[in-house]
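Colleague: What follows is a predicted structure for the sequence shown.
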Amino acid sequence: MDEQLPRPVAERDPGTPLAAIPETLRTQLEESTRGTLVQRLGMRLVSLGADGGVMTMPVAGNTQPAGLLHGGATIALAESVASFAAILRAREVHGEGAQAVGTSVSALHHRSGRSGEVRAVCTVRHAGRQTASYLVDVHDEAGALLSTITVQTMLLPPR
């Protein structure tokens, strides 16, 4: 049964829309992705907060030899949006300059992405002082669930 039930807007789009994020933070985030996998895979941040966020990525250019969305690219998308959210959580807890790093990622792929753009919706499951955990659902443009990914992060104080 693949019927999709509508999800509440707050659950669909956690975080603050990118345009409403303070310009200094937007600039920091943009600069931090230059020359990284985030840029190479064409990921685009849509919304972000310590509670989660939304990030998109094109399927084209991120496929396996069979022409399907590469599972590794999907995991990279999920870990990226969760890591950005965890950085904001780390700054809430430890102040400006705090960082976050991924410590564990677990993915379950349900179906393959074939074209268009995929959307990763990240929601916090645990927001502690030392760790934060996120659940990321990745959907295709039709709303079909492609992957469910959990990301555990460690929150690091400034050095």
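Modeller: Structure received.
Colleague: Quick one: find the helix or strand in this protein with the lowest mean pLDDT.
Modeller: None of the helices or strands of the chain scores lower by mean pLDDT, DSSP states H and E than helix 9-12, at a mean of 47.
Colleague: Can you name the next helix or strand after that one?
Modeller: Later in the chain than helix 9-12, the nearest helix or strand by DSSP states H and E is strand 16-17.
Colleague: partners of that following strand, with directions?
Modeller: Sheet partners assigned to strand 16-17 using DSSP bridges are listed as strand 44-49 (antiparallel).
Colleague: List the buried residues of the strand it pairs with.
Modeller: Leu45, Val46, Ser47, Leu48, Gly49 (16 or more other CB atoms under 10 Å). C-betas here are computed from N, CA, C, even on glycine.
Colleague: What segments of the protein are strands?
Modeller: Assigned by DSSP state E, the chain shows strands spanning 16-17, 44-49, 52-58, 99-109, 117-127, 131-139, 145-156.
Colleague: What is the distance between the shortest one and the centre of its chain?
Modeller: In this case it means strand 16-17. Relative to its chain's centre, strand 16-17 lies at 13 Å (CA atoms, centre = their mean, to the nearest Å).
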